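> Need coordinates for the below:
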Amino acid sequence: MKLATSLILPALSWTARLASATTEARVYICDGRAEEATDRTLSPTEARLVIAQRAGVEDYHSAELKDGKALDAINVFGRTTSLFENEDRRKQVEEIVLVEGGGDVEINLSQQCRSFAISPVSDVASTRRIWVDLVRQASPAIQSSSTTDESIVASLRDGGVADGRGKTFRIVSRGDPLLNLMDPMQSGMSSTLLFAPTTRITEKESQWGTYSMPGAQSPLRKRQARSSPPQPEAPLEIDPLHSFQPVEASNEASDIYLSANNNTNASQPLTGILPACFTTQESCESSTRSCMGHGACALLFTDQSASPQSPSQHCYACACSPTTSKSSDGKLVTTTYWGGPACQKKDISMEFWMLALFSVGLVFLVSFAIGELMGMGGEELPSVIGAGVSGPTAKK
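Numbering: from 1, shown residues only. A predicted model of the protein is given here:
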């Protein structure tokens, strides 16, 4: 009996088996670092921040980094970089894998894989949508194109999607060979694997929080993790993809300024921060009030890599022109230069020759004052100042 116990305990410590039906979501990080002694549980928001940091898209998830627990989770489970040494290129290669579906899988814990649980658990559809958004954030060209979520999911399941900087995103099932991905010494790369729950989750809304997406006009666009009413889920092996809705690129920024600044009175200032590009010439003229009368809207450039249906293919902006004004007697002519996205900013910079003369005059004045002080200190005092100062002479 003692011999059997001594053989069973090491076997349990070397191998862990995930059951085919579990309500727990767990993340395994296999990068060769030592395993944490204590098992931790993170919220879905904290887990998303850790995965985004390891995927290299943490700039789109910085809105919720004020929480101390999230920063602590990133320090423990995030990717480490060296400040003064060149990072090993093997450590820059990482697989970001979502594991779903039924079936048993064995995980070798001897390969120094750290792990943490996620609670509360979100539904599988919203978890899969996180992977789709990570791909769009890692490859803004995909976001600007007309690629649908269904196409991205198909690519994730068929070999994965690479971002060109060493990160590869995948969606696999539990029946796939995961042991090679979880051994950094064998595969030559780090791996981050999220094991989605296999049982039905009846959450009313997604728990992943708020993050940003690459937009057509601005670098970051707020996006709330979409939620849908709870619906009974089929087995994950045959889970349909009808829950995905294509995310079309929109020109919300142009529409906002079109309604707010649709006023022909050029004397009133424009409200808000104007975008650098407009999708059409009409929206540019309406939003900038025809460049405030100080220029004209023109095609700035055309993105050749964008699809013809993409609203961000063309960029229209104001081309400012200088204006001249004469004095009442008609002798003095003043030229005014304009700038800004709507040519609403007046150039008040000083001419170079005026600045140069003022600087030379100021230097001459300071030098003259210092020279006068030095000259006054070098003059001898008159001799009359010393008369009557000496004491009375002694009588003999």
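
> Which parts of the stretch 101-250 of the chain are helices?
124-138, 140-144, 149-157, 184-187 (DSSP state H, counting those that start in this stretch).

> Output the ones you listed as a markdown table; include the columns distance to residue 26 and mean neighbour count.
From N, CA and C alone the C-beta is placed, and that goes for glycine too. Converted to a markdown table, the helices of the stretch 101-250 of the chain look like this (distance: least, Cβ to Cβ, whole Å; neighbours: other Cβ atoms under 10 Å):
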| stretch | distance to residue 26 | mean neighbour count |
| --- | --- | --- |
| helix 124-138 | 12 | 23 |
| helix 140-144 | 28 | 18 |
| helix 149-157 | 20 | 18 |
| helix 184-187 | 18 | 14 |
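
> Nearest to residue 165, out of the ones you listed?
Of all those, helix 124-138 sits nearest to residue 165, with 7.8 Å by Cβ to Cβ.

> is it possible to export the helices of the stretch 101-250 of the chain to JSON lines including distance to residue 314?
Listed next are the helices of the stretch 101-250 of the chain as JSON lines, based on distance: least, Cβ to Cβ, whole Å:
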{"stretch": "helix 124-138", "distance to residue 314": "22"}
{"stretch": "helix 140-144", "distance to residue 314": "13"}
{"stretch": "helix 149-157", "distance to residue 314": "24"}
{"stretch": "helix 184-187", "distance to residue 314": "44"}
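
> how about these in TSV, adding distance to residue 40 and mean pLDDT?
Converted to TSV, these look like this (distance: least, Cβ to Cβ, whole Å; pLDDT from 0 to 100):
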stretch	distance to residue 40	mean pLDDT
helix 124-138	19	89
helix 140-144	33	73
helix 149-157	27	89
helix 184-187	21	57
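
> out of the ones you listed, which comes closest to residue 321?
Nearest to residue 321 among these is helix 140-144; the distance by Cβ to Cβ comes to 31.4 Å.

> so residue 365, which of the three states?
helix (DSSP: H, G, I helix; E, B strand; the rest coil).

> sorry, back to before: specify the stretch among the helices of the stretch 101-250 of the chain that is closest to residue 329.
helix 140-144 (56.1 Å).

> Let's see the pLDDT reported for residue 201.
On the pLDDT scale, residue 201 is placed at 59.

> Buried residues, the helix or strand where residue 286 lies. List them.
Secondary structure assignment for residue 286, by DSSP states H and E: helix 281-288. The neighbour-count check on helix 281-288 (16 or more other Cβ atoms under 10 Å) flags 283, 284, 285, 286, 287, 288 as buried.

> count of residues packed around the nearest residue to residue 140 once chain neighbours are set aside?
Closest residue in space to residue 140, ignoring its immediate chain neighbours: residue 214 at 4.2 Å, by Cβ to Cβ, 6 or more residues apart in numbering. A count of nearby residues for residue 214, using other Cβ atoms under 10 Å, gives 20.

> surely residue 214 meets residue 137?
Yes: Residue 214 is within contact range of residue 137, at 6.5 Å (criterion: Cβ atoms under 8 Å).

> circling back to that earlier point, past the helix holding residue 286, which element shows up next along the chain?
Moving toward the C-terminus from helix 281-288, the next helix or strand (DSSP H and E) is strand 295-302.

> Let me know the angle separating that following strand from helix 281-288.
Put simply, strand 295-302 runs at 130 degrees to helix 281-288, going by axes from the mean of the first three to the mean of the last three Cα atoms, to 10 degrees.

> Name the surrounding residues that touch strand 295-302.
The contact list for strand 295-302 (Cβ atoms under 8 Å, 6 or more residues apart in numbering) reads 277-278, 281, 284-285, 288, 290-291, 313-321, 338, 343.

> go on, stretch 53-68?
Against stretch 53-68 from outside (Cβ under 8 Å, 6+ apart): 29, 45-46, 48-49, 52, 70-71, 74, 77-79, 94, 96, 134, 137-138, 163, 165, 167, 169, 190, 192, 209-214, 220.

> Isn't residue 325 up against residue 332?
No: with contact defined as Cβ under 8 Å, residue 325 does not reach residue 332; the gap is 9.1 Å.
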